[in-house]
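In: coordinates for the following, if possible.
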Amino acid sequence: MKKLVIAIIAAATISGFSAAAHAQRHLHPHRGQPAHIDTGKLTTAAEARIAATHAALRLDADQEKLWQPVASALRDFTEVRIGRVNARMDAARNNNNTPAVDRETLRRQRADNAAAASEARAKVADAAGPLYKTLNPGQKHLLSSLIRRETAWRHPVLGM
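Out: Prediction:
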C-alpha cells in the first residue's frame with residue numbers, strides 16, 4: 001500500500017512539472033514574453049536542406065530539368081509555413097490587447113491553415129511526380145525524405 005501511495009505521488013509530481021513546462025514552452029526564458037522566431041533563419045535552413053538534397057541526388061541532365069518545379073514547390077510550402085509562424089507570433093504579441101477568441105473562430109482558423117498547407121502539399125506532390133518516376137531507388141529515398149521532412153504536419157523544432 002505504501003509503495004502504491006508513493007507511486008501515485010511521484011506520478012502526480014512528474015505530471016505537474018511536465019504540465020508547467022508545457023505551458024511555458026513558447027515563452028522567452030527571461031521575460032515571460034512569447035519567444036521570437038527568426039523566420040529568416042527558417043527560410044535559410046529550408047534552402048540549405050533543399051540545396052543539400054539536390055546535390056546528394058546527383059541528377060543527370062534530363063532529371064535536372066524536372067528539379068526546378070520541385071524546388072519551387074518546396075519553397076512555396078516553406079513560405080506558407082513561415083506565414084503561419086508569423087501569424088502566430090503576431091497573435092501572441094497582440095494577445096494582451098485583444099479579447100479571447102471563441103472556439104468557433106479558432107476552428108475556422110485551423111481549418112483555413114490546414115487547407116492552405118494541404119494545397120501547398122498537393123503542389124509539391126504534383127511537382128515531384130515526374131521527377132520521382134525517373135529516379136533510381138537511392139534517389140527516390142533521398143527525395144522522399146526531403147519532402148517528408150519539409151512538409152511534415154508539425155515542425156520538428158518549433159512544434160508547429
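In: for Thr151, phi and psi?
Out: phi -110, psi 20 (degrees, to the nearest 10).
In: the closest residue to Arg84 other than its chain neighbours sits in which helix or strand?
Out: Leaving aside its sequence neighbours, Arg84 sits nearest to Asn113 (Cβ to Cβ, 6 or more residues apart in numbering; 5.7 Å). All C-beta atoms are positioned from the backbone trio N, CA, C, and that covers glycine. Assigned by DSSP states H and E, Asn113 falls within helix 103-134.
In: identify each buried residue in the following helix or strand past that helix, please.
Out: Next helix or strand after helix 103-134 toward the C-terminus (DSSP H and E): helix 137-150. For helix 137-150, burial by neighbour count (16 or more other Cβ atoms under 10 Å) applies to Gln139, Leu142, Leu143, Leu146, Ile147, Glu150.
In: show me what helix 137-150 is packed against.
Out: Other elements packing on helix 137-150 under the criterion 3 or more Cβ pairs under 8 Å, 6 or more residues apart in numbering; DSSP states H and E are helix 39-57, helix 61-93, helix 103-134.
In: Leu74 contacts Arg149, correct?
Out: No. If you go by Cβ atoms under 8 Å, Leu74 and Arg149 don't touch, sitting 10.1 Å apart.
In: any idea how this protein splits into domains?
Out: Split into domains by automatic domain parsing, the chain comes to 1-35, 37-150.
In: and those domains, which one's lowest on average pLDDT?
Out: Looking at these, the lowest mean pLDDT belongs to domain 1-35 (a mean of 54).
In: pick the most buried one from the domains of the chain.
Out: Ranked by average neighbour count under the criterion mean count of other Cβ atoms under 10 Å, the domains of the chain are headed by domain 37-150 at a mean of 14.
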